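Colleague: Kindly generate the corresponding structure for this input.
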Amino acid sequence: MIDERRGVLYPERMPRFHRLPPEPAAGHLVAWFWIPEWELGAGERSRQDVVAYPALNLVVDPSGVQLVGATTTATHRDLTGCGWAVGALLRPAGAAALTDRPADLRDSWTAVPAPELLGPVGDAMGRTDENRLGTAVTIMSRWLVERAGPLTDAGRQANAMSELLMTDAEVRTAEQAAARLAVSLRTLQRMTHRYVGVPPLAMIRRRRLQEAAQRLRDEPDADLSALAAELGYADHAHLTGDFRAVLGIVPSGYRQQL
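Modeller: Numbering: from 1, shown residues only. Next comes the predicted model:
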């Protein structure tokens, strides 16, 4: 199981955070739901830095419903006051039900006109009973199932592609991924473009970078050269370059900030 906070760069800054599975009928559409809640005092601010999974997210919060695309760099959000969000980390089959041009949403988002989703989810999150989070997940799961329709063979293959690239540490190149999936490299590239909006190598690099950041949090004394080799980087400089390009900081600097 993937750590729910693997992409969170500074977990100690996180507000209350919940991770819930989708309803079984939506399991092919959503990897999991993530639900942060926060209540900060006057003048307080909590900065949340994230290096997100290479996937699209459907997010409901009090301001509306958004479809958020894959990102190419670390992102942040400054939390103030009181609030909540209910996000669905979409599998490719789920993303395809909401857009046929995910590349257009790279490092961006678009509003989804869905008052039939916003109202009920907002009502659920406004309750105080212990089932409110599960109710919000049920509402979004069922909405997505109705929107998506039956799972197609193409959607099933795209889900397998994403699962491989996001979780398998043995896959370090796009060529290896294509071979594991028994497709051509060109087919793999078309698949990631159609369902995620970024190239397969970008998905692999994002997974490795998340793993590297998590290892630095869990093992602050880890040798950076050994860590780079273990995660499939060519050398320490390669790991440092990846960190700087995406996080805007080198591994040693990140470790000092922790």
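Colleague: separation between G87 and V137?
Modeller: G87 sits 11 Å away from V137, going by CB to CB, to the nearest Å. In short, each C-beta sits where N, CA and C put it, glycine included.
Colleague: With N131 instead?
Modeller: Applying CB to CB, the value for N131 to V137 is 10 Å.
Colleague: again with R186
Modeller: Using CB to CB, R186 is found at 37 Å from V137.
Colleague: again with S252
Modeller: Taking CB to CB, one finds S252 at 40 Å from V137.
Colleague: So between these two, which is more surrounded?
Modeller: Higher neighbour count among S252 and V137: V137, with 24 against 12, using other CB atoms under 10 Å.
Colleague: pretty sure the more buried one is touching V86, no?
Modeller: Yes: if you go by CB atoms under 8 Å, V137 and V86 touch, sitting 7.4 Å apart.
Colleague: Quick one: residues contacting A178.
Modeller: Residues in contact with A178, defined by CB atoms under 8 Å, 6 or more residues apart in numbering, are 184-185, 187-188, 200.
Colleague: which residues sit in contact with the nearest residue to A148 once chain neighbours are set aside?
Modeller: Leaving aside its sequence neighbours, A148 sits nearest to A97 (CB to CB, 6 or more residues apart in numbering; 3.6 Å). Going by CB under 8 Å, 6+ apart, A97 touches 29, 144, 147-149.
Colleague: at 10 Å what do you get?
Modeller: Contact analysis of A97 by CB atoms under 10 Å, 6 or more residues apart in numbering lists 29, 58, 90, 144-149, 155.
Colleague: so where's the stretch 1-150 of the chain uncertain?
Modeller: Low-confidence segments of the stretch 1-150 of the chain, defined by pLDDT under 70: 1-5.
Colleague: in it, which spans are strands?
Modeller: For the stretch 1-150 of the chain, applying DSSP state E, counting those that start in this stretch gives strands covering 16-20, 30-39, 46-50, 57-61, 64-68, 75-79, 82-84, 86-90, 109-111.
Colleague: hey, C-alpha coordinates of the third one in PDB?
Modeller: The one in question is strand 46-50. Extracted C-alpha coordinates of strand 46-50, given in PDB (Å, rounded to 0.1, in the frame of the first residue of the first chain):
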ATOM      1  CA  SER A  46      -0.200  26.600   7.400                       C
ATOM      2  CA  ARG A  47       1.800  26.100   4.200                       C
ATOM      3  CA  GLN A  48       1.300  22.700   2.600                       C
ATOM      4  CA  ASP A  49       4.100  21.600   0.100                       C
ATOM      5  CA  VAL A  50       3.300  18.600  -2.100                       C
END
